[in-house]
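this is the structure alone, sequence omitted:
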């Protein structure tokens with residue numbers, strides 16, 4: 001837990017230093033928040049303090065981050081049937097950086113398992129990766145389908161939040177991640193990782209709000 005605390009403190013201090021220096025104006029604080037949190041992705045998704053931080057990149061632009069996101073999604077999978085064999089192969093393609101091939105393979109699996117939310121969620125993630133982290137209409141449709149089949153499925157909310165974060169909308173990301181957490185089972189492997197991301201995001205949100213109030217001109 002010490003590593004998580006240290007990481008959170010460093011993230012908050014980094015963001016605070018930028019605010020104090022007056023380098024963030026208007027909506028730029030959201031971009032900075034995204035950069036700091038995305039630099040934490042390797043740690044937050046894997047729980048390994050030894051991983052170095054990195055600047056914000058698109059999902060498709062960072063092989064390591066993409067691998068971690070695929071593994072995060074796999075932890076959220078809730079099916080144990082025939083769809084698993086499709087996901088194992090598709091994930092291997094994704095980890096090699098071939099997101100389009102992975103998406104095509106998942107689509108083949110959906111022809112045999114059209115009502116499997118894990119396959120739909122995996123398709124949404126691969127389409128996001130192929131679109132440099134953007135929530136493209138096809139990716140949104142895939143996540144919507146997963147949520148339609150299984151309303152209490154957390155993955156669509158988590159990855160929608162991540163996409164908002166990449167877009168600089170920290171507030172929306174927090175709301176979506178909070179929703180994902182409400183759908184976690186008590187022993188979900190991914191729950192502590194998202195809790196840590198969410199705590200850091202909220203700390204940055206408060207820091208930004210405080211800074212904006214301080215900088216308001218006196219009437």
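Yes, it's here. Not measured: the values here are computed from a predicted model.

alpha carbons only for contacts and neighbour counts from here, please
Will do.

and the helices in this protein?
Here the chain has its helices, by DSSP state H, at 2-20, 28-39, 41-46, 63-76, 83-95, 99-112, 117-130, 137-149, 155-166, 170-182, 191-214.

burial check on the closest residue to residue 105 other than its chain neighbours, number of neighbours?
Spatial nearest neighbour of residue 105, excluding adjacent residues (C-alpha to C-alpha, 6 or more residues apart in numbering): residue 90 at 6.0 Å. By other C-alpha atoms under 10 Å, the residues close to residue 90 number 27.

measure residue 90 to residue 194 for me?
Distance of residue 90 to residue 194, given as C-alpha to C-alpha, to the nearest Å: 24 Å.

and for residue 132?
22 Å.

residue 161 too?
11 Å.

do the same with residue 128
Distance from residue 128 to residue 194, by C-alpha to C-alpha: 19 Å.

again, but for residue 88
Residue 88 is 23 Å from residue 194, by C-alpha to C-alpha.

more neighbours: these two, which one.
residue 194 (19 against 12).

same question for stretch 127-144: list its buried residues.
If you call a residue buried by 16 or more other C-alpha atoms under 10 Å, then stretch 127-144 has these buried ones: 127-136, 139-144.

for stretch 178-195, same thing?
Applying 16+ other C-alpha under 10 Å to stretch 178-195 flags 178-181, 183-184, 190-191, 193-194 as buried.

looking at pLDDT only, which of those scores worst?
Across the buried residues of stretch 178-195, the smallest pLDDT goes to residue 193, namely 82.
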